[in-house]
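Asks: What would the 3D arrangement of this be:
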Amino acid sequence: MNKRTSKSRTDGNYDAMYIGMDLHKNYLQIATMDNNGKLLKNSRIENDQKQIVSFSRNIKPDGAKVVMESSSV
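Replies: As a prediction, the model looks like this:
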């Protein structure tokens, strides 16, 4: 089994293994964690395509798992 380590970086980029998203009408709450359960970033961003794309550019998607809260949105 190939264990990948994730580290918080000072350049704002994260090798996140897990990304949790909580959707709201006007904003998203997004948390990123490494494979050891360490919280790397917890952000509240406006529900706006440009801000979502900007946030996602700082995430290394290779092998990341994304979880989204089930909702009626």
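Asks: If I look at residue 19, what pLDDT would I see?
Replies: Model confidence at residue 19, given as pLDDT, is 90.
Asks: In CSV, could you pull the C-alpha coordinates for the helix or strand that it is a member of?
Replies: Applying DSSP states H and E as the criterion places residue 19 in strand 18-23. C-alpha atoms of strand 18-23 as CSV (Å, rounded to 0.1, in the frame of the first residue of the first chain):
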residue,chain,number,x,y,z
TYR,A,18,-10.2,14.8,2.2
ILE,A,19,-12.3,17.7,1.3
GLY,A,20,-15.7,18.4,3.1
MET,A,21,-18.2,20.8,1.7
ASP,A,22,-21.2,22.3,3.5
LEU,A,23,-23.5,24.1,1.0
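Asks: Distance from it to the middle of the chain?
Replies: Remark: strand 18-23 is offset 6 Å from the chain centroid, using Cα atoms, centre = their mean, to the nearest Å.
Asks: And for stretch 47-62?
Replies: That offset, for stretch 47-62, works out to 8 Å (Cα atoms, centre = their mean).
Asks: still on that earlier bit, which parts of the strand holding residue 19 are buried?
Replies: 18, 19, 20 (16 or more other Cβ atoms under 10 Å). From N, CA and C alone the C-beta is placed, and that goes for glycine too.
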